[in-house]
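Student: Structure of the sequence below:
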Amino acid sequence: MARDGLRSHLSGSVPISIAAHLAVLLLLLIVPLAADIALPMPEKDLPDFIRVAPPPPLAPVPAARRPVTTMTDLSVPPTSAPPSIQPETPAPGPRFDVAIGSGTDVPAGVGVDSSVATVTPPPPPEAPHPTTVRVAQLPEPPRKIVDARPVYPEFARNARVEGTVILEAVLDTSGTITQLRVVRSVPLLDRAALDAVRQWKYTPTVYGGRSVSVLMTITIRFTLTQ
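Tutor: Predicted coordinates for the structure are as follows:
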């Protein structure tokens, strides 16, 4: 019984709900259409359109002329074959005539072109020859031609002083001793050695085909006799 009552209740409320929805739709669609809406009127007095003149046509731009390349311009390759081939001419340059031979037997105008002439370089300068050489460099030492024996100093003899004095001497080109110094000294005997050696003289020395001075060492021994 309850089910039948519920079914009858639902069957009666559905048509009412549908009718209500349709009424709402009609109101939403019809009412706006029936309303008095004023639309804007178009303007009648509108100004005429201003005719704009078209811009003048642009003047045609002349095509750039391509420079004509001549055969004399070697920096730009040619674009067309030349009508003929010209023989090459040598570049101008200096020309020198060198006379062949010496004296007056060469006729005027005879010469050779410097571009094909072989130039011989000058010989290298000779090394400067030494003016003073050591006696060890000589094939034969100078020979003493004037000799003087050293005098034993009396005070050195009384003091029983013995020893060896070594001197360094420079002989000039004539064999004369021009410079003399003590290399190894014995204080009481140096003066006697210097006085004696200054009197010595040697033969001139020739080295490499020219006269030279000689640097040599002289040794003098002082010994007391018993």
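
Student: pLDDT below threshold where in this protein?
Tutor: 1-12, 30-54, 61-78, 89-119, 125-130, 226 (pLDDT under 70).

Student: list the helices and strands the top strand by length along the chain packs on?
Tutor: Using DSSP state E, we find that the single longest strand of the chain is strand 210-222. Packed against strand 210-222 by the contact rule (3 or more C-beta pairs under 8 Å, 6 or more residues apart in numbering; DSSP states H and E) you find strand 132-134, strand 163-171, helix 190-197, strand 205-207. In short, each C-beta sits where N, CA and C put it, glycine included.

Student: Contacts made by that strand with the rest, please.
Tutor: Strand 210-222 has contacts (C-beta atoms under 8 Å, 6 or more residues apart in numbering) with 129-135, 138, 141-142, 150, 152, 156, 161-173, 178, 183, 186, 189, 192-193, 196-197, 202, 204-206.

Student: Each with direction, which strands does it pair with?
Tutor: As defined by DSSP bridges, the strand partners of strand 210-222 come to strand 132-134 (parallel), strand 163-171 (antiparallel), strand 205-207 (antiparallel).

Student: what's downstream of the longest one, the next helix or strand?
Tutor: This means strand 163-171. Sequence-wise, the next helix or strand downstream of strand 163-171 (DSSP states H and E) is strand 177-184.

Student: Just the buried subset of the contacts of strand 210-222, please.
Tutor: Taking 16 or more other C-beta atoms under 10 Å as the criterion, what is buried in these is 133, 142, 150, 156, 161, 163, 165, 167, 169, 171-172, 186, 189, 192-193, 196-197, 202, 205.

Student: Now do the helices for the protein: every range, in order, please.
Tutor: Along the chain, counting by DSSP state H, helices occupy 2-34, 154-158, 190-197.

Student: and the shortest one, what other elements does it pack with?
Tutor: With contacts defined as 3+ C-beta pairs under 8 Å, 6+ apart, helix 154-158 has no packing partner among the helices and strands.
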